[in-house]
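K.L.:
Got a predicted model here, sequence first, then my questions.
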Amino acid sequence: MNEPNYEETVYTPIQRLYPFLSVEWQELVTLVDLEKFKSLDNHIECSSECYADWVQWIQSDWINENKKITFNGGTVPGFETLVDKLNQMREQYQVEL
């Protein structure tokens, strides 16, 4: 049996639209080596020095397939610049309650 040790709180999803310029999209695209991204494991383990109880992910969708990489806290080897850029964007578009 799998149960939480505490009562789970249910949060209502919050959605907001933000402008995203095609120049910004192109900047992200240039940071992705598609073949290298496809070759990564689906989960990147956190190093022994790292502690994180939350998970980030990067997902790329194509017409007939997709690839999702999850990682705890740190970064994705070979994609450090992409992870940094996505983290900056997330902070910029942070939803305030």
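P.N.:
Nice, I can see it. Numbers count the residues shown, from 1 in each chain.
K.L.:
Nearest the geometric middle of this protein, what residue?
P.N.:
residue 57 (2.9 Å; CA atoms, centre = their mean).
K.L.:
ok so that one is a strand residue?
P.N.:
Yes: assignment of residue 57 by DSSP: H, G, I helix; E, B strand; the rest coil places it within a strand.
K.L.:
got a pLDDT number for it?
P.N.:
You'll see residue 57 listed with a pLDDT of 87.
K.L.:
Low-confidence stretches in the chain?
P.N.:
1-6, 47-54, 73, 95-97 (pLDDT under 70).
K.L.:
Scan it for its longest helix.
P.N.:
The longest helix of the chain (DSSP state H) is helix 80-92.
K.L.:
Now residue 18: phi and psi?
P.N.:
Backbone torsions for residue 18, taken as degrees, to the nearest 10, come to phi -130, psi 140.
K.L.:
and stretch 58-75, how far apart are its ends?
P.N.:
With CA to CA, to the nearest Å as the measure, stretch 58-75 spans 11 Å from end to end.
K.L.:
What residues sit buried inside it?
P.N.:
Neighbour counts over stretch 58-75 (16 or more other CB atoms under 10 Å) mark 58, 69, 71-72, 74-75 as buried. From N, CA and C alone the C-beta is placed, and that goes for glycine too.
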